[in-house]
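[1] Below is the sequence, then the predicted model.
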Amino acid sequence: MKRWIPFVKTGPLVSVIRLQGSISNSSRGLDDISLGPVIEKAFSRGKPVAVALEINSPGGSPVQSSLIAARIRRLAEDKGIPVYAFVEDVAASGGYWLACAGDEIYVDRGSIIGSIGVISANFGAHELLGKLGVERRVHTAGQSKSMLDPFLPEKATDVKRLKGWLEDLHAYFKDWVQSRRGARLSPEADIFTGEVWVGQKGVDIGLADGIGHLVPTMKKKLGKEVVFRRYGQRLSLAQRLGARLAGEAMGAVEERADFARFGL
């Protein structure tokens, strides 16, 4: 309470932004639209001397990852506020993209980081439809409009085009990591294969700066009187009451599957 009492000196303020869950463009996970106001407040309220990112994310949408990270960097540079990223269970793929918004990255000894790659997953059901006696009918204006249709046989030209997109996104991801981590990245390690590393091994190859947890690390940097103020996405009334719509339930299943890829 003393932070709000006039003329009472308090310790330096650190704003903590919670980034928990998959990164999605469906409003069921982390996205720039819902996080934007949260991030803006964290950088502007109470004159923080630093912002800490508390990250636990298996990744997701590359564009939303980019938008969120870009917003953090833009505010950090405009206001001259350093940003520190702290990884909990995992910061993989888009989660690691977010971690790179930090000037320094710290992990737990058991944290999983990396997965600097791009993936596209689909299914093929045309043989099943044939066995069921169902005929797929598709009419388009434009020869590529039915590209990668899961109910039609896969085409080599479609796969080639998709791989080109994935390679472009991968190059974008690599450019971002290299721009943020620079000379800290080990030249001997093959970092951009989509591989993940645990704890100290991630530090050794330059994906993180050290082993450390948020509170003790920030107190070591700023003193024992440091004050923390937390910011995160607000839950809807339905979520707070425990209600789950069909879309929310599906989102929870998808997020659980994302974390399960890393044994979590």
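    That came in fine, so what should we check first?
[2] buried sites along stretch 173-181?
    F173, W176, V177, R180, R181 (16 or more other CB atoms under 10 Å). To be clear about C-beta, it is placed using only N, CA and C from the backbone, and glycine gets the same treatment.
[3] Give me the phi and psi angles of the residue nearest to G232 when sequence neighbours are not counted.
    Among residues not flanking G232 along the chain, R18 sits closest, at 3.6 Å (CB to CB, 6 or more residues apart in numbering). Comment: the main-chain dihedrals of R18 come out as phi -90, psi 120, following degrees, to the nearest 10.
[4] give me the beta-bridge partners of the residue nearest to S115 when sequence neighbours are not counted?
    For S115, ignoring the flanking residues on the chain, the nearest one in space by CB to CB, 6+ apart is A92 at 3.8 Å. For A92, the beta-bridge assignment (DSSP bridges) gives partners G114.
[5] what residues are up against A92?
    With contacts defined as CB atoms under 8 Å, 6 or more residues apart in numbering, the neighbours of A92 are S57, P58, G59, I112, I113, G114, S115, V196, R261, F262.
[6] mind redoing it with 7 Å?
    The contact partners of A92, taken as CB atoms under 7 Å, 6 or more residues apart in numbering, are P58, G59, I112, I113, G114, S115, V196, F262.
[7] okay if I get the residues you listed as TSV plus distance to K79, pLDDT and neighbour count?
    Below are those laid out as TSV (distance: CB to CB, whole Å; pLDDT from 0 to 100; neighbours: other CB atoms under 10 Å):
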residue	distance to K79	pLDDT	neighbour count
P58	30	92	26
G59	28	88	25
I112	31	96	26
I113	27	95	25
G114	30	91	27
S115	31	87	25
V196	33	91	22
F262	34	51	17
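[8] Show me the strands in the protein, by range?
    With DSSP state E as the definition, the chain shows strands at residue ranges 13-20, 50-57, 83-92, 104-107, 112-114, 196-198, 210-211, 227-231.
[9] With distance to F43 added, can I get those strands in TSV?
    Written out in TSV, the entries for the strands of the chain read as follows (distance: least, CB to CB, whole Å):
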stretch	distance to F43
strand 13-20	7
strand 50-57	6
strand 83-92	9
strand 104-107	17
strand 112-114	24
strand 196-198	30
strand 210-211	24
strand 227-231	10
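[10] give me the number of residues near H213?
    Counted by other CB atoms under 10 Å, the residues lying close to H213 total 12.
[11] One more: H170?
    Neighbour count for H170, taken as other CB under 10 Å: 17.
[12] likewise I105?
    By other CB under 10 Å, 30 other residues sit near I105.
[13] for K41, same thing?
    K41 is surrounded by 14 other residues when neighbours are defined as other CB under 10 Å.
[14] And for it, nearest residue in space, chain neighbours not counted?
    Skipping the residues right next to it in sequence, K41 comes nearest to Y231 by CB to CB, 6+ apart, at 6.0 Å.
[15] Tell me how far that neighbour lies from R180.
    Counting by CB to CB, to the nearest Å, the separation of Y231 from R180 is 22 Å.
[16] Please apply the same query to V226.
    Using CB to CB, V226 is found at 25 Å from R180.
[17] and the residue nearest to G232, what pLDDT?
    In the prediction, the pLDDT value recorded for R18 is 96.
[18] Can you name the residues bridging to it?
    Following DSSP bridges, R18 is listed with bridge partners E54.
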